[in-house]
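# Sequence first, then the predicted structure, then my questions.
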Amino acid sequence: MGSLPILLKPDRILLIGAGNVGLQKARVLAENDLVVTVISETFNPAFYSLPHLLLGQRVCARDLAGYDVVIDATGCPEVADMLKQEKTRRGFLLNVVDVPESCDFYFASLLQRGPIKVAVSSEGYSPTMTQCIRERIAQVLPESLGELALQKGRERREGRIDPAATRRQTQALLGKVFLVGCGIGDVELLTLKAYRAIKEADVVLYDHLISDAILELIPEHSERAYVGKRKGHHSMTQEAINTLLEDYAKQGKHVARLKSGDPYIFGRGAEEALHLGSLGIEVEVIAGISSAIAGPASAGIPPTARGYATNFSIVSAHLKDSKVNLHWLPLLRLPSHTTVVLMGLSLAGHIADAAIAGGVDPSLPAAIIANASRPDQQTVVTTVAGLGEAATQVNGPAVIVLGEVVKLHGKLPGSEKSCIRDDLRADIQGILSLHGVDWGEETPGLSEKIAV
């Protein structure tokens, strides 16, 4: 037979049975402000903390008089048979727990946000399924929905009903923005939380730094919006991106804003979070693996290593409004220190000149890692003096590593095409000639055999 989900407001409810099953039903009734009469010969002690009327006796037919709803939580076939015979005569609705075919109504898995109630029912087929579905819905519905519902109730009583405004306010509460750190491009380096956010998003905003492998995770039903900001070719300003995130969230959508690396490491994630938070829009930041760490690691260069570096810094070569940032250059004179430079590829020559002019050792080891973790990854090993020329030999997003740890490249695991720049060419040619190897030969594993 068919069924129709409704909200029931019974005057009198009788619960028969006060074991663990009965306790679960009693708690649901109490949570919904329904006080019931409970009949049982014995009681689970937890019943004594509930507001219900407890009658310690064996149930009989005359106890059913006057009730609108009767719930059988005894698990006793004899009690169920008696109740089924009496319900026609007395006109109450019957629920025999875990016996769907004997039920006039079913308990749903309830989710409550103030006066807002969401009931999930399987008509008794699988309470476990309904609980799982309820838990997922709970992740979507914010607690603040209850406050809005109470506000709307007050407005209705005062005769102020504005469906358009209510829709806007409700959608704004349902919308949410995820600032998703997508790491350095390798899809296997995504966190599980980032993966779920991408797979469950209504809208995905991405730029040119997000790899094709990660973009392939976006479901077909999700809307896509390209918001790339490549150097010298901005398809959208940051202000426009903020507005777009705001607009989608106010439509009640879940928005995944994909950001290379980590949203809070030179990713302008804080700006976006502050803008959305000021509007009351819910924001969740999902940390990602920064290229400042994973980039060097993918080239076999650890930012710290005993005997090479005991600390390291992450700096940006660019400031707001395309200004150059060189305030960090004194870090290059610190002993046992690694400096990782982001957004510095186009300024590599300028960095080198300014560093040397500031007293930095021109022979300080340096490396450029481009397209880290991707099929076209390339690592260029050089020195501060050769940094400018080395930068002309690579394409794509890159990190620059400066410090003694660069000497570990080729000795530790990494996955890259390795190049040695011209400033080291003479020394390397001399070493190779001792082994009868010509510089131009294609020698498998050559870069792994050379200690720089």
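Great, that's in hand. Owing to the predicted nature of the structure, the values given are computational and were not obtained by experimental measurement. Numbers count the residues shown, from 1 in each chain.
# Residue 192: neighbour count?
8 (other CB atoms under 10 Å). Where C-beta positions appear, they are placed from N, C-alpha and C, glycine not excepted.
# Checking my notes, residue 38 in a strand, right?
Yes: with DSSP: H, G, I helix; E, B strand; the rest coil as the criterion, residue 38 is part of a strand.
# Let me know whether it touches residue 51 as I believe.
No: contact criterion CB atoms under 8 Å: residue 38 and residue 51 do not qualify, at 10.7 Å.
# What are the phi and psi values at residue 96?
Dihedral angles of residue 96 (phi, psi; degrees, to the nearest 10) stand at phi -100, psi 110.
# Verify the contact between it and residue 83 for me.
Yes: at 7.1 Å, residue 96 and residue 83 qualify as touching, with contact defined as CB under 8 Å.
# Quick check: neighbours shared by those two?
The contact sets of residue 96 and residue 83 overlap at residue 72 (CB atoms under 8 Å, 6 or more residues apart in numbering).
# sorry, back to before: who has more neighbours out of residue 38 and residue 51?
residue 38 (25 against 11).
# Contacts only, for that one.
Contacts of residue 38 by CB under 8 Å, 6+ apart are 14-16, 18, 22, 26, 47, 52-55.
# where's it relative to residue 361, distance?
83 Å (CB to CB, to the nearest Å).
# now do residue 376
For residue 376, the distance to residue 361 - CB to CB - is 32 Å.
# now swap in residue 7 and tell me
Applying CB to CB to residue 7 and residue 361 gives a distance of 77 Å.
# residue ranges for the helices of the stretch 101-250 of the chain, please.
Applying DSSP state H, counting those that start in this stretch to the stretch 101-250 of the chain gives helices spanning 127-140, 144-157, 163-174, 192-200, 212-215, 238-250.
# what about this structure, any weak spots by pLDDT?
1, 229-235, 415-452 (pLDDT under 70).
# Mind splitting it into its structural domains?
13-105, 171-289, 292-449 (automatic domain parsing).
# Distance to residue 117 for these - can I get that in CSV?
Listed next are the domains of the chain as CSV, based on distance: least, CB to CB, whole Å:
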stretch, distance to residue 117
domain 13-105, 8
domain 171-289, 16
domain 292-449, 46
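# Quick one: closest of the ones you listed to residue 152.
Nearest of the domains of the chain to residue 152, taken as CB to CB: domain 171-289 at 11.8 Å.
# now the closest one, how far from the centre of its chain.
10 Å (CA atoms, centre = their mean, to the nearest Å).
# now swap in stretch 161-173 and tell me
Using CA atoms, centre = their mean, the offset of stretch 161-173 from its chain centre is 27 Å.
# mind listing what's buried in that stretch?
Across stretch 161-173, burial judged by 16 or more other CB atoms under 10 Å covers 166, 169-170, 172-173.
# Then stretch 98-109?
102-103, 105-109.
# now swap in stretch 120-138 and tell me
120-122, 124, 127, 130, 133-134.
# How about residues contacting that stretch?
3, 5, 98, 100, 103, 106, 108-111, 118.
# What's opposite the spatially closest residue to residue 189 that is not a sequence neighbour in the beta bridge?
Leaving aside its sequence neighbours, residue 189 sits nearest to residue 183 (CB to CB, 6 or more residues apart in numbering; 4.2 Å). Counting by DSSP bridges, residue 183 forms beta bridges with residue 261.
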